[in-house]
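>>> Predicted model follows, preceded by the sequence.
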Amino acid sequence: MTKSATGTMPNARWVWRLGDPRRRVGYRLVLATVAFGVLVTCLAAGIQLFIGFRQDVASIKAEVDQIRDSHLLSITTNVWLYEETVVQQQLDGLTSLQAVDYLEIEIPEGKMFVSGVKPARPDLVVEMPLIHRESSKTEQVGVLRVLTTFAPAYHRLRDTALSILVYAGLWTVLVTSFMILIFRWLVTRHLHRLAEYARDVSQDHGAPPLQLDRPLSPPGLEDEFDNLVGAVNTMRNDLADSIVELRRSEHRFKRLFENAEVSIWDIDLSAVVDRLETLRVEGVVDVRAHLRQNPAFVDELFGAIVFNDVNSATLSLFGAADKAEFLAAPGKLVGPRAFVGLAEMFRSIWARQRVFHAEMMFETLDDRLIDTLVTFQLPEGDEGYRSVPFSIIDISHRKRVEDELQIALAEAERANQAKSEFLATMSHEFRTPLNAILGFSEMLHGQYFGPLGNRNYQEYAKDIHHSGAHLLALVNDILDIAAIEAGKRTMNKERFSTLEVAGGALKKLLPIADEKSITMTLDVDDDAGEIFADRRSFVQIVLNLVGNSLKFTPAGGAIEVVVRHQPGIRTIRVSDTGVGIPADKLNNITNPFSQTQTDPYLTQNGTGLGLSIVKSLAESHGGDIAIESEVGHGTTVTLPFGEEADATP
């Protein structure tokens with residue numbers, strides 16, 4: 001056949017195809033049909049021959065039975081009368097039968113009458129006693145023996161078998177030849193055409209639709225080849241569409257690959273996988289330890305990576321002039337700092353983890369060190385390892401920023417620590433002059449050494465004492481926070497009664513509450529009788545919380561202090577009916593110097609450090625602070641003391 005440039009075969013002819021016939025479907029089909037026909041013919045012939053042989057044997061036995069029925073009495077009478085001539089004539093006459101080969105009569109006197117040729121190996125021997133009956137007497141006068149073979153039956157069996165074989169052979173030859181011709185014409189040539197078309201369409205998706213050299217079937221009477229041609233043409237159309245879409249996808253992927261701002265490697269990991277599997281076969285269980293003990297093997301595994309392709313961003317990132325330069329020297333990318341990242345990458349491949357995502361440091365071709373984020377996804381099948389996309393993101397700038405932030409944070413922590421240590425150390429220097437101011441102003445106000453001469457001096461001394469007390473409270477709060485933050489606040493934890501200590505703290509504030517007509521109540525659970533904590537801190541917490549409530553609760557209000565016990569935890573709750581805290585200030589209310597009021601005339605008595613100190617003291621006892629408030633309805637502050645507060649001293 002000749003093939004045109006478009007892949008068609010316009011002048012298709014039926015060509016006898018040579019070659020090994022055992023590779024042909026038609027040969028195997030004809031061979032199977034012939035084998036089945038021969039088997040059926042042999043089986044039918046065997047049955048026919050068996051039946052014919054049985055009939056011949058039955059015919060022979062019937063003739064022997066006929067001798068017994070028709071001639072035995074006459075022979076017996078002649079033997080008893082001793083008619084030798086007649087007896088011999090009877091025997092000679094019986095041997096003329098086709099079924100009888102040899103007859104003999106033996107009489108008591110030893111006399112023998114024989115007729116025919118005695119066979120060497122008779123197939124049938126029948127003895128018939130000659131019994132003479134007269135009146136009431138019976139006497140055996142001799143024995144008649146009939147000897148015969150089945151030779152006639154065998155001859156007929158052979159002739160029949162030969163005729164059947166000749167007939168079957170001719171029938172097989174004719175049927176086989178006819179089937180070969182018909183099968184080649186109706187099936188084989190079309191199968192060859194389909195095979196050639198399939199090869200053509202796989203190489204050239206633009207081939208025209210398939211057409212076979214056979215008449216078209218009427219609509220509704222399509223046969224298997226019509227259906228097959230339709231299926232092949234449908235497949236050809238789908239394949240053409242798929243190839244077009246595949247080429248479009250490849251083009252889009254190529255553009256994305258080349259234009260991506262992220263470095264992308266298309267690499268072959270199959271050799272790496274094979275070497276790791278060799279380690280597994282050799283009995284290695286902990287591959288991470290093996291790689292750590294054999295650093296040269298990490299370089300060997302990286303050298304086994306085959307770079308299929310890289311994009312332009314890779315060349316720019318690694319300082320390569322072109323792809324040839326980069327692909328010629330991938331080993332230069334790996335330095336001592338890349339060992340940990342590479343070892344972890346190979347361990348991930350060993351464990352068949354689906355996604356790898358880790359930071360890694362590489363050396364560029366122009367001798368720069370870059371921090372990168374390496375990401376890739378392992379394929380499900382082994383064949384997919386031949387093309388695995390790696391994305392390499394340069395995070396050097398981010399790492400520098402992180403390092404700078406870490407340095408700045410460390411410096412800030414050192415500065416804050418220095419500030420706290422300075423304030424804690426200077427506590428005596430702050431308090432000593434303030435105590436002198438308070439003492440001298442109190443002496444002036446009390447006129448301990450005589451009148452001042454002018455009443456205004458006494459009022460000034462009172463103002464000096466009040467301002468000094470306020471400043472001392474502020475200094476004490478600042479020093480408390482500084483001492484807590486610097487870790488210089490000593491916590492002497494002991495077991496004490498919450499009712500006794502909390503009640504004592506409230507008594508100190510009772511004059512202020514009476515002055516403002518504020519009702520204070522203390523409610524302590526029976527189970528919360530004792531707590532293990534720092535007594536001074538506990539008192540300071542109660543004083544600061546209740547003191548805040550007294551500041552912002554108008555006259556006639558109420559303050560309630562509740563201590564509750566749950567397994568492993570004590571909860572202190574202080575509730576008031578004060579002015580409340582705006583919602584936008586709740587998140588920052590525990591920060592140092594945070595106040596709920598911005599009017600200086602309303603905040604002159606507050607330092608803004610009370611809740612910050614309470615929070616720090618609660619955290620030092622394993623607790624925290626929770627604040628709920630509504631403007632105009634009051635505030636509730638809850639402090640849970642953790643398990644440490646219940647520890648046995």
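Now that the structure is in, tell me what you want to look at.

>>> Now stretch 635-649: average pLDDT?
The pLDDT scores in stretch 635-649 average 64.

>>> Kindly report the same for stretch 370-377.
Stretch 370-377 shows a mean pLDDT of 88.

>>> what does that stretch rub up against?
263, 317-318, 341, 345, 354-364, 388-396, 398-399 (C-beta atoms under 8 Å, 6 or more residues apart in numbering). Yep, even glycine has a C-beta here, placed from its N, CA and C like the rest.

>>> starting at the chain centroid, how far to the strand or helix carrying residue 506?
Using DSSP states H and E, residue 506 falls within helix 498-515. Centroid separation for helix 498-515 versus its chain: 66 Å, with C-alpha atoms, centre = their mean, to the nearest Å.

>>> now, which of the contacts of stretch 370-377 lie within helices?
Of the contacts of stretch 370-377, the ones assigned to helices by DSSP state H are 317-318, 341, 345, 396, 398-399.

>>> picking that back up, who does the helix holding residue 506 touch, helix- and strand-wise?
Here helix 498-515 is seen to pack against strand 519-524, helix 535-552, strand 558-566 when contacts are counted using 3 or more C-beta pairs under 8 Å, 6 or more residues apart in numbering; DSSP states H and E.

>>> What residues of the helix or strand encompassing residue 154 count as buried?
Using DSSP H and E, residue 154 maps to helix 151-183. Of the residues in helix 151-183, those buried by neighbour count under the rule 16 or more other C-beta atoms under 10 Å are 153, 156-157, 164, 168, 172, 179-180, 183.

>>> Then stretch 337-350?
Buried residues in stretch 337-350, defined by neighbour count with 16+ other C-beta under 10 Å: 338-350.

>>> Dump those residues to TSV, plus distance to residue 104 and pLDDT.
Formatted as TSV, the buried residues of stretch 337-350 follow (distance: C-beta to C-beta, whole Å; pLDDT from 0 to 100):
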residue	distance to residue 104	pLDDT
338	116	77
339	114	79
340	115	83
341	114	83
342	111	84
343	110	86
344	110	87
345	108	87
346	105	87
347	105	88
348	105	87
349	101	87
350	100	87
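
>>> Going by distance to residue 136, which of those wins?
Nearest to residue 136 among the buried residues of stretch 337-350: residue 350, at 115.0 Å, using C-beta to C-beta.

>>> From what I see, that closest one and residue 287 are in contact.
Yes. With contact defined as C-beta atoms under 8 Å, residue 350 reaches residue 287; the gap is 4.6 Å.

>>> for the chain, longest helix please?
Scanning the chain for the helix with the most residues, using DSSP H, yields helix 25-70.

>>> for that helix, packing partners?
Using 3+ C-beta pairs under 8 Å, 6+ apart: helix 25-70 touches strand 124-134, strand 137-148, helix 151-183.

>>> now these as JSON lines including distance to residue 257 and mean pLDDT?
Listed next are the helices and strands packed on helix 25-70 as JSON lines, based on distance: least, C-beta to C-beta, whole Å; pLDDT from 0 to 100:
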{"stretch": "strand 124-134", "distance to residue 257": "98", "mean pLDDT": "87"}
{"stretch": "strand 137-148", "distance to residue 257": "100", "mean pLDDT": "87"}
{"stretch": "helix 151-183", "distance to residue 257": "53", "mean pLDDT": "82"}
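
>>> With distance to residue 55 added, can I get these in TSV?
Shown next, in TSV, are these (distance: least, C-beta to C-beta, whole Å):
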stretch	distance to residue 55
strand 124-134	15
strand 137-148	16
helix 151-183	9
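
>>> Can you point out the buried residues in stretch 74-91?
For stretch 74-91, using 16+ other C-beta under 10 Å, the buried residues are 75-76, 78-80, 87, 90-91.

>>> Show me how far it is from its chain's centre.
The answer for stretch 74-91 is 106 Å, by C-alpha atoms, centre = their mean.

>>> where does the stretch 301-450 of the chain have low pLDDT?
419-432, 434, 440, 445, 450 (pLDDT under 70).

>>> so where do the strands sit in it?
Taking DSSP state E, counting those that start in this stretch as the criterion, the stretch 301-450 of the chain contains strands spanning 306-310, 355-363, 369-377, 388-394.
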